[in-house]
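Visitor: Quick one: sequence plus predicted model below, questions after.
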Amino acid sequence: MCRLFGMLSVKPVSAAKYILEDPCSLYAQSKANPRNLQGDGWGIGFYEDGSPRLIKSEGAVYMEYEALSSAVRHARSRMILAHIRGASNPRGLPREKIISKENSQPFSYGRYIFVHNGTIMIPDELANVLGVWKEKIRGFNDSEVYFWFLMKELDEGRDMPSALWGLKKTLEELWEEAQRRHPDKKQPYTGLNMILSDGECLYAYCEHRDRKVGGRSLCFGDQPVFEMSYILGRDRLVVTSEKTNREEDWKPINYGELLIGKIVDGEISVESENVP
């Protein structure tokens, strides 16, 4: 289970509080469950002089605190995304195939930066409908196929809600035919939780097929395991896989909800849409 983070702020700031310092920081989440450590890579994405910049590692983040701290200190920006990976492997590949910087998140293209938590169970089938965009896939991470599908949809002129709806519809249609080839699988995906930035807007989407399994959040154990959280102020929007502290006014991102944050007249503005 991967861990996600995104922050949009009016002025360039550091995300150290939420990634490193809070009692349930992203770093703390990586080792909160000793039986399920998040040890398959990590990354920070931000904008430097208007262009995306990624700092990534294939190492276990809980063993690379100094490298993570250095990356977080460098990533002082109005838009910061971060990801800690617990690798999914729907293709059943050897571990050496799926653990590398290339497979670590965030992924980036043009002005976009993207992170995902969940598993696309039929990544090859989804890749086969990408057309020329399939050639851009570099690794063996099913999340990367999700990313390129969104890039294709946005490039064709669709907005983010339509792109997400198109992804869900396509996965369901592919599953109708593909499930006969995958008797060991029960569904086309487990989760589509994601955070994406185009440098101006921060998009956060929460949807997980296993939302009824009854698990609880890693650190505080006081929210559903796959429910994302956010805090909103005049100068800052923070989105995480789960809240990182108890003192701030965290709110849930509901199942099927797309949160869109942007700066309007010097303040953070947030809209919400449901993706059917």
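Guide: Looks like it arrived, so ask away.
Visitor: Glu242 is in contact with Asp22, correct?
Guide: No. Using Cβ atoms under 8 Å, Asp22 is not in contact with Glu242, being 11.0 Å away. To be clear about C-beta, it is placed using only N, CA and C from the backbone, and glycine gets the same treatment.
Visitor: neighbour-wise, which of the two wins?
Guide: Glu242 (26 against 21; other Cβ atoms under 10 Å).
Visitor: so what's that one closest to, chain neighbours aside?
Guide: Sequence neighbours aside, Ser217 is the residue nearest to Glu242 in space, at 4.2 Å (criterion: Cβ to Cβ, 6 or more residues apart in numbering).
Visitor: And for Ser25?
Guide: Excluding its sequence neighbours, the residue lying closest to Ser25 (Cβ to Cβ, 6+ apart) is Thr244, at 5.3 Å.
Visitor: Quick one: residues contacting that neighbour.
Guide: The contact partners of Thr244, by Cβ atoms under 8 Å, 6 or more residues apart in numbering, come to Lys17, Tyr18, Asp22, Pro23, Cys24, Ser25, Leu26, Ala28, Cys219.
Visitor: rerun at 6 Å
Guide: Applying Cβ atoms under 6 Å, 6 or more residues apart in numbering, we find Thr244 in contact with Tyr18, Asp22, Cys24, Ser25.
Visitor: before we move on, what about Met151?
Guide: Here Met151 is in contact with Tyr109 (criterion: Cβ under 6 Å, 6+ apart).
Visitor: Please report phi then psi for it.
Guide: Per-residue torsions, Met151: phi -60, psi -40 (degrees, to the nearest 10).
Visitor: Flag the shaky bits of this structure, pLDDT-wise.
Guide: By pLDDT under 70, the weakly predicted segments of the chain are 210-214.
Visitor: Packing partners of the lengthiest helix in it?
Guide: Here the longest helix in the chain is taken by residue count, with DSSP state H as the criterion, and it is helix 160-178. For helix 160-178, the packing partners by 3 or more Cβ pairs under 6 Å, 6 or more residues apart in numbering; DSSP states H and E come out as helix 142-155.
Visitor: Grab the CA positions of the helix it packs on and hand them over as PDB.
Guide: In PDB, the C-alpha atoms belonging to helix 142-155 read as follows (Å, rounded to 0.1, in the frame of the first residue of the first chain):
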ATOM      1  CA  ASP A 142       1.100  -0.600 -13.200                       C
ATOM      2  CA  SER A 143       0.600   2.900 -11.800                       C
ATOM      3  CA  GLU A 144       2.600   4.200 -14.800                       C
ATOM      4  CA  VAL A 145       0.000   2.800 -17.200                       C
ATOM      5  CA  TYR A 146      -2.700   4.700 -15.200                       C
ATOM      6  CA  PHE A 147      -0.600   7.900 -15.600                       C
ATOM      7  CA  TRP A 148      -0.200   7.600 -19.300                       C
ATOM      8  CA  PHE A 149      -3.900   6.900 -19.800                       C
ATOM      9  CA  LEU A 150      -4.700  10.200 -18.000                       C
ATOM     10  CA  MET A 151      -2.000  12.000 -20.100                       C
ATOM     11  CA  LYS A 152      -3.700  10.600 -23.300                       C
ATOM     12  CA  GLU A 153      -7.100  11.700 -22.200                       C
ATOM     13  CA  LEU A 154      -6.000  15.200 -21.200                       C
ATOM     14  CA  ASP A 155      -4.000  15.600 -24.400                       C
END
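Visitor: I'd like the distance between the residue of the chain positioned farthest from its centre and Glu172.
Guide: Going by Cα atoms, centre = their mean, the residue of the chain most distant from its centre is Arg180, 29.4 Å out. From Arg180 across to Glu172, the span is 15 Å (Cβ to Cβ, to the nearest Å).
Visitor: could you pull out the strands for the chain?
Guide: Applying DSSP state E to the chain gives strands spanning 3-13, 42-48, 51-57, 77-84, 107-109, 112-117, 193-197, 202-206, 228-232, 236-240, 251-253, 257-264, 267-274.
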